[in-house]
Every structure is written in structure tokens, then in C-alpha cells.
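Colleague: Dropping a prediction and its sequence here:
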Amino acid sequence: MAEMVANAVGRRVPTEVNGREQTPFRGVGKFEPTGRKAAPPIPALHQYALDKRVPTLRDALEKIGLRNGMTIGMHHHMRNGDRMAVPLFDTIAAMGIRDIVFAPSALFPCHEPLIKHLESGVIHHIEGSLNGPLGVYCSEGKMRGMGVLRSHGGRYQAIQDGELKIDLGFIPAPSADMMGNATGAFGPSACGSLGFALADSQYADKVIVVTDNLVEVPCMPWEIQGMNVDVVVVVDKIGDPEKIVSGTTQITKSPTRILIAEHIADFIEAAGYLGRPFQAGAGGIALASIKFIADRMRAKGLRAPFARGGSTKYLVEMLNEGLIGAILDGQTFDLDGVRSIATHPRHVPTTPFTSYNYHGKGNWASYVATAVLGATEVDVKFQANVVTHSDGYLLHGIGGWQNTLFGDCSILAFPLFRGRIPIVMEEVTTVCAPGEMIDVVVTERGIAINPLRQDLLDRVRGKGLPLTTIEELYAIGQKLCGKPEPASVDRTRPVAVVKWVDGTVIDTIYRVDYGEKPA
Amino acid sequence: MSDQALAGRDEKSDVRVALTRGGPPENEIVVRSSVVRLYGPQIRRSVEQTLRTLGVSGVKAEIDDRGALDWVLMARVEAAAKRLFPDLTGEALPDRSSPTAPTVRLRLRRSRLYLPGVNPDLMQNAGLFKPDGVILDLEDSVAPAEKDAARIMVRNALCAVDFFGAERMVRINQLPAGLHDLPAIVPRGVNVILIPKVEEPTHVKQVAEAVQQIAARHGRHDPIWLMPILESARGCWNAYPIAVASETVCALAFGAEDFTRDIQAERTLAGHESFVARSLVVLGARAAGVQPIDTVFSDVENMDALRQSTKEALALGFEGKGCIHPRQIAVIHDAFRPTDEEIRYALKVRAAMEDAERTGSGVISLGTKMIDPPVVARAKRTLRVAEEMGIDVQALASAPA
């Protein structure tokens, strides 16, 4: 086991992960990277024809020279409708190749079949979000390498600074031409933005584009440029459309969640943030808050220059009504969003580079006024967790969560307890963000403002908001639910690490230890 | 006698309890729970403690939990125990953690939110939506086979749930069964008891007497108000005698659904079929000096119709409306709110009245118009209600119209 040292938030973290040396978290803005960005090998034009098609996935993998131990990157725009990751590894298994490191930008429940490839040794380990059954597999100490959890911006950062070297960028694309120009805006598996594939297309040694909708050259608009692509494969179906985007996004019907959304809108109005750029999440509470915010902007005749984020019908309506000046879209969540991104000149796809990247000279997420986000746990120091549950199990990825904390005001919103589990804890199970990054916590039982944000407190005091303290929210949760038992984990067995946006290690996730699997 | 009894539901925030008779003298407890790793030991302790309090031993308890809070778990265990051993009389009460305050006879009763007595999930947060009252229902929302369990659940909710200042109401069952609901709820801080399908003053008297006896036995001296629900031709016809049947009556409520069935008519959106009955309820209540309260509005999607219906109720003389979804509360409160113009006019009338008192004039006038006493009384009432509703009356006085 690698040496463990305490980092700036007092968590013990390994100094080496999967054979690579690590820097412990030093504090927000304290790590100064040096050196030059990573780069792919230099290609020569004479090796490439306009038509890069090969007949099958296996042909493509053979052509790019896939070997044991290579790292494969893949985007997650197909979400739970992805039909390519599992066939990819079935093919690799059939080729007799082993020990692949899989580095997707996210995984979903549909990827549970990858467990058999982890067990058989085709996949060595996964560096990327480990959700649901894959998270359980990792939590129970069954994965050979360590999980490395990075934010969407962190994945781009790690690829750029060379920590995460992608040998093969594997890019399912809803439409592409034979040269490899590709877009997610249309086609039977349309997903809207393809931004998460950008890093793979720019930095991977080899790039394969897979499509089920081959179009005439040139595929326009080309979000993925054919100049970066080695091979094109045409298959029958890359995804299940109804699982890629929802037909219509429904606002939550839960009265408690609607009440929380109203509290959010009250806070945003009281703090003077109405009419400023905002991050729009697609979670139930965040979505409901957008509707309330739109109502208030309309009533006051205000307009925001842009909104960032997962686009939905509600954001598209705001754009069309003129309440926002542009949508900078990282992920498109419903059909209204897909239609709008394909047709509206001020609804544009963005990438983790433009939105989140740490090694850039600016990013959009830092320039929003407010971001409404969820969490699995927050503690009385305002430290927050989005990856593990209070019982120690790793069940979620970080997504863009860490990156969107960099706006002026980050708002965590959640019901104070979910199925008897209180969300405000004495100490979070896993630190995904230090307390200074969380400005406000909004629950149905009151709004707690981080004492570090005296300016916010001054702005909203006396305006009728249900203000409380984080300690009070903690006390109410414990009173209603009872004090939970501590997580049972084996602290000598780290199974994954959580990276901060700058690539340093902010916390460690350990093997859960509940003896026999609980009945 | 059966060897096994079940209670509870396979729902989020609830729990199913199966108790089986026989076995060793100690109780055997099997816990399966969505939160077993975090709360398994607490669930086990709570079940054991509840069974011990009730004096139950030698049973196997199988707990299938989906995140029930402790007061819910205790109610389910008690319901199962009493089904297995019908002679059990003890109560296993959760810690009293909710503040209870007595209420006055006449207070804001614009909205009352109905909560089915079998659904603890809705109870925990009900007060957050700021209705004037919450009604824990034992009557129509509870199936006959679940009446026993609902009574225990409602009792535990009265003990354990903070309703954030909403008046704590319980709708008991139709008499005579409803009398059996009283011992569970009267000692536990209920403010208002709703009596369904009241047709005679004696119905009210029976409940008032039973409540008084139980309260005295438990040393409860704060008032417990009664709200008879009139939902038949006979009940509406007897509105006044019912309203004066006890000094503890605080309001008369109208129930449209049963009423229209009783008179063999169809319930329509326009509501002509119940116009006279609603007016009888208003007249009976006003004659007795209690509040007339309108029926429940049950279409939770149509907020425009709710607003319209509440405005009509207000125009007929009603002071309150029933609702079944938290979203309806704000609409109802808004509809009962006096308009800014009404408040400004009332302020002018009050100022004119104060002028007249100062100058010793017997005549109150506003400009060139003489003001009659009923107008003054109405103005005073408008201002009192506005202040009760938390409207900043003085701000309206100074703001330009």
C-alpha cells in the first residue's frame, strides 16, 4: 500500500495511485502547475484518405493497433441509452486483449455488464465516475487498480497535463461523415452537444468515430473535426434514443422539493442575483427553481446575458422569450434542447474546455453568479460530498459539480433527510469540496449561509427569508432521523481517490466492511 | 385467533411489520431495511422497546423498512401487536417533541390541509407549507380495515410531528364509531375535532361530553374546539341548533360531496345545487357567532378554478376552504386576502371615526358622505383580518394608491 499523508482538509490520501505519483490537496488555488501541455503524436497527411471507413469495430481496433494495457477514453453523451461501451469491450475480449484502463467521462446503470470484463481481466480498472453497480464493485474492493474520480473539468485537466494519457479516443457520434467530422445535433440517436468527446479527439494517440448515421461530406456543424480522426465505423445503432434524452423534462411534483425551489428563488432575488448569468442544473429541485426564477425575472423585466448548463425545455423557453441572451450547453437533456441547439444561433454546445477547464485562461463556470447543485452529504464545516453515501458506498460520479462551485455563489439544495438519512452531518464521509467553496445550503427547513460569506448574509438579512444555521439544520436532521451509525470501512484498504479540479488528491474512498452482505 | 398479524405499507418512508406468535420467551426481531447499515441497531432497539412497553413477549417481529422515521415504526409495531393480541390496551408513545399550543375559538381558518391518517410521509412536512390548519383524517381517506392503525398513526403524529404553528385538527369517524377515536387523540394536543355527517345537535353534545371527560381524566384544561361538518340535507337544515349545541363549537364546515348525493343531485362546477345549503351553513354559523367554513376543493391541477371557487365562498360569507394539496394553500390565502383598495378604504373610515371621536361629533363622515355604523364595523374587521394575515397595513396607508 502506498504511503498515506494528511492533506489541507485533514484527510489522509495516498502519495501514489495506479503507479503514478500524486500531489495531496493543498488548498483552493494553492497548486501551481508547471511544464507544457501534453500532445498527441505528429501524424502525416499522406497516411490518411478522405474515406476512413472500415467494416467492423474489430477492424477499427486492429487498425489503430490496440494492445494490452492501453487506456481508452469515451464520452457519456449517450447517457443511459449508450449501446457502444459494452460491445466495445465484448470485441476487445474476443480479440484476447487484456488490462485495458477505461477512462469514460461518466458511466450509467446500462454499463453494469462491464463488471464481467473487470472480473475476467479485460478491463484492469476504471478511471471515471463509478455509478451504481460499478460503484458497489469498487467499494467492495473487487477492482484491481484504484478508482480515480475526476470532475468533468478534472478529466480535461488530467488529459492536458499528461496524467491521463488516452491511447484510444472512442467516440460514438449521432451523425458523422466518412472523414470523421461528427455532430450530436441530429441523427436517430441525437444527443445535442458532443462536448465531452473533444479532449479525446484532440489528445488521444488514435481516434475512432462510430456512427449509425453516415452523412454526406462534410458533416456540419462539425463539433468533432475529421482532421483529428483515424478511423470511422458505421454500425446499426449507437444508442436508444428514448434513454439518451427524455421526451420532455418534468418538473418535480414533490411539494417539499417545490418548496425548496421557492426558497432558492427567494434567496437569489434577495441577494440581488436575478438577471445575472446562472448555471442551470437538471436535478428536480434545480429545474423547478429555474421556473420560479424565470417568473421573477419576467415580473421585474430583467434579462440575464447567458445561462450555462444542461439545457432543457425550460431553459429553451427562457431563451426564446428573451429572458436569457444565450445558452452555453454542456449536456442536452431533452428533445426541446436538442431541437434548439440544432437551430438557434445563440444556443451553442460547449465543452469541458470552455466550461470547466483548470488549465485554461478562463472558463464559463467561473463567470456565473449562481449555481444550484445537490449533494449526498454536507457537514457543519460546509464541506460537501457527492460521491459516497453515509454508509461508505461509492455510488455517484462528480460530474461538473466541483467545477460549477467556482461561480460567485454556489447553492446546495436538498431535502433535509431522504428516506430517514439526514444530509447535514457532523463530518462528511468523503470530502469532494472544501467548506470555503459552498456558500449557501437551502432546505425545506431553512437556508444556511456560510459564515465566510458575511456579504451574502448582509444582503439578504431582514428580507423575510427562513434563515438558519448549518448547526441548526444538523440538529434538526439528527432529531428527526436519529443519529446514524458510522460507516464501516477498512481504512487500510483504499479503493479510489477523489481529485480536486487542479489534479491534487482531496480524499480517499475505502473498502466497505459489513461482513456478510446485509440481508 | 390468528398466529400472524401484519401492519404497514411497502412504501417509501414507511415500514411493514409482521408479528408471529410463539417461539422463545424473548422476542425475535429480524430487520430488513433500506437504511439497515445506518439505522439497523436503532430500528431493532425501537421495536424491542415498543413491544416491551406494550407487554408483548415471545413473538417474532419481521421488519421490512423503507426509511420510516421512529414514530412511524412505533405506530406500525403497535398496530400489528394490537391486531395479534386484541386485548392489548397499552400505548407506546413516541417522545413528545412537537410544540403544542392552545388555540382561540375565532382565529384564521382560511385553509385546512387534509392528510390521510394512513400516510405518515405527508404528515412530517405538512406544517412547512403554512396552512392555517392540518387535518389528520381518520374518516373517508382511511379504509375500514385500517381504522385501528390510522388511529395509532395519528396519535403518534400528534406527539412527534412539528406542524409549525398550524392548528392541529383531527377528523374523527362518523358517530357512533367516532367516539372510539377520541381516547387516542384528546390527550395528545389536538386543537380542533372535526365531526363528520352531523345532523342533530345531540351528535355535537355527545362528542363534547366525551371530550370533556377524557380531557379531565388526563388533566387537559386547554380548549378543544369542535367543527361539525354538515353534509346532508338534514344537517344543513339544522345548522343553527348544531352551531349552538356546545360552547366548544368554533365553526361549521360544509361538505359538498355527500350533500349532493344526499339530495340526489349532481355536483357541478357552478354549484347551484348546493347554493341554498351553503347559505344555510353561513346563516347558522353567523347566527351562533362561529365561523362558516366551505367544502374541500379537490381538483389539485386547476388553480384558476380553485381561485374562482374560493372567491365565491368569500362572497357567500365563508371564511375558509378545505384543500388536499400544499399547492392549493397559497391560492386560498390569496383569495381570502382583502384587496389593497379595501384596506385603504378601511383605514380612511377608521381615521374618520377617530376624528369624530376627537371632536365629539356623533356623525362620522368621509368627505361629503356620512358613514353608517355597519360600514365602520366592516372596516374594523377588514383591518383586524389584514393584520392577522400579516399584511403591513401601515405601509399600504403611506404608499400611493
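Modeller: Done, it's in.
Colleague: if I pick the closest residue to chain B within chain A, what's in contact with it?
Modeller: Proximity of chain A to chain B (CB to the nearest CB) peaks at residue A:419, 3.0 Å away. Where you see a C-beta, it was placed from the backbone N, CA and C, and this is true even at glycine. Contact partners of residue A:419, counting by CB atoms under 8 Å, 6 or more residues apart in numbering or on different chains, are B:12-13, B:34-35, B:66-67.
Colleague: Of the residues you listed - the most surrounded one?
Modeller: Neighbour tally across these (other CB atoms under 10 Å in any protein chain shown): the maximum, 25 neighbours, falls on residue B:35.
Colleague: what about it, distance to chain A?
Modeller: 5 Å (CB to the nearest CB, to the nearest Å).
Colleague: Identify the residues contacting residue A:422.
Modeller: Counted by CB under 8 Å, 6+ apart, residue A:422 has contacts A:416, A:474, A:477-478, A:480-481, A:484.
Colleague: hmm, I was thinking of residue B:228
Modeller: Per CB under 8 Å, 6+ apart, neighbours of residue B:228: B:194-195, B:198, B:203-204, B:235, B:242-243, B:245, B:249, B:252-253.
Colleague: quick one: low-confidence parts of the stretch 1-150 of chain B?
Modeller: Along the stretch 1-150 of chain B, the parts satisfying pLDDT under 70 run over B:1, B:97-98.
Colleague: what about the strands in it?
Modeller: B:4-8, B:15-21, B:28-33, B:59-65, B:111-116, B:133-137 (DSSP state E, counting those that start in this stretch).
Colleague: can you check the stretch 151-300 of chain B too?
Modeller: According to DSSP E, counting those that start in this stretch, the strands that the stretch 151-300 of chain B contains are B:167-171, B:192-195, B:225-230, B:251-254, B:291-297.
Colleague: which residues pair with residue B:291 across the strands?
Modeller: residue B:251 (DSSP bridges).
Colleague: That one touches residue B:250, doesn't it?
Modeller: Yes - contact criterion CB atoms under 8 Å: residue B:291 and residue B:250 qualify, at 6.6 Å.
Colleague: So for the two, which residues contact both of them?
Modeller: With CB under 8 Å, 6+ apart, residue B:291 and residue B:250 have common neighbours B:106, B:109.
Colleague: which one of the contacts of residue B:228 sits closest to chain A?
Modeller: The closest of the contacts of residue B:228, once distances to chain A are taken by CB to the nearest CB, is residue B:194, at 22.3 Å.
Colleague: So that closest one sits against residue B:135, correct?
Modeller: Yes - with contact defined as CB under 8 Å, residue B:194 and residue B:135 form a contacting pair (6.4 Å).
Colleague: any common contacting residues for those two?
Modeller: Common neighbours of residue B:194 and residue B:135 (criterion: CB under 8 Å, 6+ apart): B:169-171.
Colleague: show me which of these neighbour chain A.
Modeller: By CB under 8 Å from any CB of the partner chain, no member of those lies near chain A.
Colleague: quick one: which of those is nearest to chain A?
Modeller: Nearest to chain A among the shared contacts of residue B:194 and residue B:135: residue B:169, at 18.8 Å, using CB to the nearest CB.
Colleague: residues contacting the closest one?
Modeller: B:112, B:133-136, B:190-194, B:227.
Colleague: Who are the packing partners of the strand or helix carrying residue B:356?
Modeller: Using DSSP states H and E, the element containing residue B:356 is helix B:340-359. Judged by 3 or more CB pairs under 8 Å, 6 or more residues apart in numbering or on different chains; DSSP states H and E, helix B:340-359 is in contact with strand B:365-366, helix B:373-388, helix B:393-398.
Colleague: can you list the residues of chain B near chain A?
Modeller: So chain B meets chain A at B:12-13, B:32, B:34-42, B:66-70, B:97, B:124-125, B:128-129, B:325-327 (CB under 8 Å from any CB).
Colleague: Burial check on residue A:87, number of neighbours?
Modeller: Using other CB under 10 Å, residue A:87 is surrounded by 15 other residues.
Colleague: what's the spacing between it and residue A:94?
Modeller: 10 Å (CB to CB, to the nearest Å).
Colleague: Apart from its chain neighbours, what residue comes closest to residue A:113?
Modeller: Once flanking residues are discounted, residue A:113 sits nearest to residue A:86: 4.8 Å by CB to CB, 6 or more residues apart in numbering or on different chains.
Colleague: tell me the SS of that neighbour?
Modeller: helix (DSSP: H, G, I helix; E, B strand; the rest coil).
Colleague: what separates residue A:140 from residue A:513, distance-wise?
Modeller: Note on residue A:140: its distance to residue A:513, by CB to CB, is 9 Å.
Colleague: ok, residue A:481 touching residue A:424?
Modeller: No - here residue A:481 does not reach residue A:424: they are 10.5 Å apart, not a contact under CB under 8 Å.
Colleague: How about the residues of the stretch 401-519 of chain A by chain B?
Modeller: A:418-421, A:444-445, A:479-482, A:484-485, A:487-488, A:514, A:518-519.
Colleague: Put the buried members of the residues you listed into a PyMOL selection.
Modeller: Typed into PyMOL, the line below selects the buried ones among those, using 16 or more other CB atoms under 10 Å in any protein chain shown:
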select buried, chain A and resi 419+420+421+444+445+480+481+482+484+485+487
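Colleague: Can you flag which of the residues of the stretch 401-519 of chain A next to chain B belong to strands?
Modeller: A:418, A:421 (DSSP state E).
Colleague: can you tell me which of the residues of the stretch 401-519 of chain A next to chain B are in helices?
Modeller: A:479-481 (DSSP state H).
Colleague: which one of the residues you listed sits closest to residue A:206?
Modeller: Minimum distance to residue A:206 across those is 51.4 Å, recorded for residue A:481 (CB to CB).
Colleague: Now for the closest one: which residues touch it?
Modeller: Taking CB under 8 Å, 6+ apart as the contact definition, residue A:481 lies against A:417, A:420-422, B:39, B:69.
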